[in-house]
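Colleague: Output the structure for:
(chains A and B)
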Amino acid sequence: MNSTFRALLGATALCAVGGAAAAQDPVTLTIATVNNGDMIRMQSLTQDFTEKNPDITLEWVTLEENILRERVTTDIATNGGQYDVLTIGTYEVPIWARQDWLTPLDDLPAEYDVDDLVPAVREALSVDGTLYAAPFYAESAMVMYRTDLAEAAGVTIPDNPTWTDIKTAAEAMTDKDNEVYGICLRGKPGWGENMAFLTAMANSYGARWFDADWAPQFDSPEWQETLTDYLTLMNEYGPPGASSNGFNENLSLFQQGKCGMWIDATVAASFVTDPEDSTVADSVGFAQFPNKEGVDNHGNWLWAWNLAIPASSQKQDAAKTFVAWATSKEYTNMVAEAEGWRAAPPGTRTSLYENPEYQEAAPFAAMTLEAINSADTQKASVQDIPYTGGQFVAIPEFQGIGTMVGQTFSAALAGQTSADDALAAAQSATAREMARAGYPK
Amino acid sequence: MARAVSSRAKVGYTVAAWIVALLIFFPILYTIITSLKSEQEAIAGFDLIPSFTLESFRAVQTQNDYWKPFTNSVILSIGSTLLALVVAIPAAWAMAFSPTKRTKDILMWMLSTKMMPAVAVLVPIYLIFLRTGLMDTRIGLTVMLMLINLPIVVWMLYTYFREIPGEILEAARMDGATLRDEIIHVLTPMAIPGIASTLLLNVILAWNEAFWTIQLTTTNAAPLSAFIASFSSPQGLFWAKLSAASVLAIAPILILGWFSQKQLVRGLTFGAVK
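Modeller: So this is what the prediction gives:
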């Protein structure tokens, strides 16, 4: 039995050596990506890249977001080198860059025009002034609302609304008998689901996750006000079962005409105005993320899906060539040519927003750019904070803590616990986890 | 009177069995229903009547190649099962017919390895696979799946072998059969039902394995579990497409299970009642 096994291992080792020798030239890049519309579109447009770079072959690994994160973390931590290009979010970039897991992108070719990147996005992807990932598309958050319902209800939503404006409009637009709900917001638990929204909302109320000594602040009046107002909005004017609604569920509700307002990622603007999928495509208005009266903060939501090169990749040059191609101005033009300007990856390049053709095709362009540019990820709260990140806290522990707190708040939305109890639970759980992780560091 | 009660009870049991069976099967049924809906319908809410559109299947076909992961799944599940049998039959024979003081302990120890969460050994296994060049190879994954299911295979075969009277093997030995002859020509034919059900169960387990097959593959050796995982989307509707991918991934094993249910049930209950 033993010798059979040993022989087998020997044989596999031989196969592996043979495989490695054969894979030297030409270069094959393995690209790990998530399954969303823009990424799938990129896969269908890569012919242009392979024509220009005949010695580079592209292989795609599409994975669910969390599995991708897990796979890539294991691979980078063990110096595995299985991937040459990674699709990662704004959350990972600074954390991984500080660990020296990512290759700095400070030598991109001149024609890449790195100064054309939207400043807020570029800043979020840089550590100490060095760019570590190239943005593929970026988003902030804003209010999307039904202009027809607002008009019928006799309310106007200003371009820079306050939460009081939102509450008034939600009340006026709600018509539960006809399944029209004044406001749809995320309720599904998760650091990237309800906590993304609630963290941005808390920012706009003047709240913060931690004080300068990393002590959690859920016992502050600002957080209490945030959660109470959120629960009031959702319970009075929100759709039933909102505690299981995330981005996708709300998108569907809005497209079916069941939401008066939806406050979420700006990337949704192109979906809700797409006549093919949306029944309300021609009556959608946009406004900035609300703020509380007297607090100069619009949530500071900023997210981008980016292409980065792991330091463990053995094919750095080819990987850089690909990253530069996929996030270039030319790529944007190519998408526009193939599928129209509305489909161009949004939020990453200033030149796109200066393009009159794009402005005409995308009525949400100006509002999106304003939202992205006003997001300050270096200082998300009006109070003193020790962390960076807009709708998240850029520390490795946040995934776990954020999801835990998200579950507590989602339970409050489902009516299983009160706002006060949820905040108390969030406070003690966060304090415990932070102490366990060794903060303050 | 007594007869009437018993037949009524029979009907009751049958109805109860159907309800339980339907409850257990319902998630799969609903996956099939969802795969026949449009994305908008899929997310709209609970509805048992789909619009019978095949657009999700078409989208799945154009987006990803189905046949490569399918071929990998077939090779991995059958390969790992055959490999496991080659190792497990002699092991189970030794434990069933020449037990020692420690046999019971060894059996328990083997089973205890299944109690450890797989993620606990992820990093060491990952490193071994990297260093030996087994990463993302079918052969590496075949060995891995074989090792994972080996304890169950040995246990099942051990149980079947113990039902076979030792005297028959003794008789074969007295007729001059060598150890090899004894296992191949005497023991194995008698244990065919048990081996068949072990084989089927192991193929199903290997087919459905979704931790190592995702962790240790990228593009070359990824089976259908990785194929399914690629259809979940962070932004955009995907339920119908994910369901269609799942239906495509489970269809072969569902059909295999349907045709071999007699052997499976017989094998699994073999030795349960003496």
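
Colleague: Show me which residues of the stretch 101-250 of chain A sit near chain B.
Modeller: A:192, A:247, A:248, A:249 (C-beta under 8 Å from any C-beta of the partner chain). All C-beta spots, glycine's among them, are computed from the backbone N, C-alpha and C.

Colleague: Could I get the contacting residues of the first one?
Modeller: Neighbouring residues of residue A:192 by C-beta atoms under 8 Å, 6 or more residues apart in numbering or on different chains: A:65, A:91, A:392, A:402, B:234.

Colleague: what's the burial count for residue 178?
Modeller: The chain I'm using is chain A. Residues near residue A:178, counting by other C-beta atoms under 10 Å in any protein chain shown, number 9.

Colleague: wait, I meant chain B there
Modeller: Residue B:178: 11 neighbours (other C-beta under 10 Å).

Colleague: For it, which residues are in contact?
Modeller: Contact partners of residue B:178, counting by C-beta under 8 Å, 6+ apart, are absent.

Colleague: ok, it to residue B:96 distance?
Modeller: For residue B:178, the distance to residue B:96 equals 18 Å [C-beta to C-beta, to the nearest Å].

Colleague: care to break the chain down by domain?
Modeller: By default, I'm working from chain A. As given by automatic domain parsing, the domain ranges for chain A are A:21-132+A:303-361, A:141-301+A:378-436.

Colleague: that's the wrong chain, I wanted chain B
Modeller: Taken from automatic domain parsing, chain B resolves into B:2-58, B:68-230.

Colleague: The domains of chain A: lowest mean pLDDT?
Modeller: Note on these: domain A:21-132+A:303-361 shows the lowest mean pLDDT, a mean of 91.

Colleague: What residues of stretch A:396-411 count as buried?
Modeller: A:398-399, A:401-411 (16 or more other C-beta atoms under 10 Å in any protein chain shown).

Colleague: quick revisit: now, among the contacts of residue A:192, which is nearest to residue B:250?
Modeller: Closest approach to residue B:250 among the contacts of residue A:192 (C-beta to C-beta): residue A:65, at 23.0 Å.

Colleague: what's the closest one in contact with, if anything?
Modeller: Contact analysis of residue A:65 by C-beta under 8 Å, 6+ apart lists A:34, A:192, B:232, B:234.

Colleague: run the last query once more with 6 Å
Modeller: Residues in contact with residue A:65 (C-beta atoms under 6 Å, 6 or more residues apart in numbering or on different chains) are A:34, B:234.

Colleague: The residue of the stretch 1-150 of chain B found nearest chain A: what secondary structure?
Modeller: Across the stretch 1-150 of chain B, no residue is closer to chain A than residue B:133, which sits at 2.5 Å (C-beta to the nearest C-beta). Under DSSP: H, G, I helix; E, B strand; the rest coil, the three-state class of residue B:133 is coil.

Colleague: With residue A:260 instead?
Modeller: strand.

Colleague: That one and residue A:283, how far apart?
Modeller: Applying C-beta to C-beta, the value for residue A:260 to residue A:283 is 11 Å.

Colleague: so what sits against both of these two?
Modeller: Joint contacts of residue A:260 and residue A:283 (C-beta under 6 Å, 6+ apart) are residue A:146.

Colleague: what about those two, which has more around it?
Modeller: residue A:260 (27 against 17).

Colleague: unless I'm mixing things up, that one is touching residue A:172, no?
Modeller: No - the pair residue A:260 / residue A:172 is not scored as a contact, 8.2 Å apart, by C-beta atoms under 6 Å.

Colleague: Just the helices from the stretch 151-274 of chain B, written as ranges.
Modeller: Assigned by DSSP state H, counting those that start in this stretch, the helices in the stretch 151-274 of chain B fall at B:166-174, B:179-181, B:188-190, B:192-208, B:212-215, B:224-229, B:239-259, B:261-269.

Colleague: where along the chain do the strands fall?
Modeller: Reading this off chain A. In chain A, strands defined by DSSP state E lie at A:27-34, A:56-63, A:85-89, A:126-127, A:130-131, A:134-139, A:141-146, A:181-184, A:259-265, A:284-288, A:303-308, listed in chain order.

Colleague: swap in chain B?
Modeller: Using DSSP E, strands in chain B do not occur.

Colleague: Enumerate the residues of it near chain A.
Modeller: Residues of chain B found near chain A, taking C-beta under 6 Å from any C-beta of the partner chain as the criterion, are B:43, B:126-127, B:130, B:132-134, B:139, B:218-219, B:229-230, B:232-237.

Colleague: Would you mind writing the PyMOL command to select the buried ones in these?
Modeller: This is how PyMOL selects the buried members of the residues of chain B next to chain A, with burial counted by 16+ other C-beta under 10 Å:
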select buried, chain B and resi 43+126+130+133+134+139+218+219+229+230+232+233+234+235+236+237
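
Colleague: show me the contacts for the residue nearest to residue B:31 when sequence neighbours are not counted.
Modeller: Distances taken as C-beta to C-beta, 6 or more residues apart in numbering or on different chains put residue B:243 closest to residue B:31, at 4.8 Å, once the chain neighbours are dropped. Listed by C-beta under 6 Å, 6+ apart, the contact partners of residue B:243 are B:31, B:34, B:35.

Colleague: Can you tell me which of those residues is nearest residue A:29?
Modeller: Looking across the contacts of residue B:243 and measuring by C-beta to C-beta, the closest to residue A:29 is residue B:35, at 32.6 Å.

Colleague: Quick one: neighbours of that closest one, just the number.
Modeller: 24.

Colleague: Check what pLDDT it gets.
Modeller: Residue B:35 is given a pLDDT of 94.

Colleague: and residue A:303, how many neighbours does it have?
Modeller: Counted with other C-beta under 10 Å, residue A:303 comes out at 28.

Colleague: Just list whatever residues bridge to it.
Modeller: residue A:139 (DSSP bridges).

Colleague: Surely it is in contact with residue A:140?
Modeller: No - with contact defined as C-beta under 6 Å, residue A:303 and residue A:140 do not form a contacting pair (7.8 Å).

Colleague: Kindly list the main-chain dihedrals of residue B:191?
Modeller: Backbone torsions of residue B:191, given as degrees, to the nearest 10, read phi -100, psi 10.

Colleague: Any figure for the gap between it and residue B:10?
Modeller: 35 Å.

Colleague: Ok, residue A:184 next?
Modeller: From residue A:184 across to residue B:10, the span is 52 Å (C-beta to C-beta).

Colleague: Now do the same contact list for residue A:411.
Modeller: Each residue near residue A:411 by C-beta under 6 Å, 6+ apart is listed here: residue A:417.

Colleague: List the buried residues of the lengthiest helix in chain B.
Modeller: Longest helix of chain B, by residue count under DSSP state H: helix B:2-35. Judged by neighbour count using 16+ other C-beta under 10 Å, the buried positions of helix B:2-35 are B:31, B:32, B:33, B:34, B:35.

Colleague: Deepest-packed of the domains of chain B, please.
Modeller: Neighbour counts (mean count of other C-beta atoms under 10 Å in any protein chain shown) averaged over each of the domains of chain B peak at domain B:68-230, with a mean of 18.

Colleague: Give me the distance between the two termini of that one.
Modeller: Distance across domain B:68-230, first residue to last, is 14 Å (C-alpha to C-alpha, to the nearest Å).
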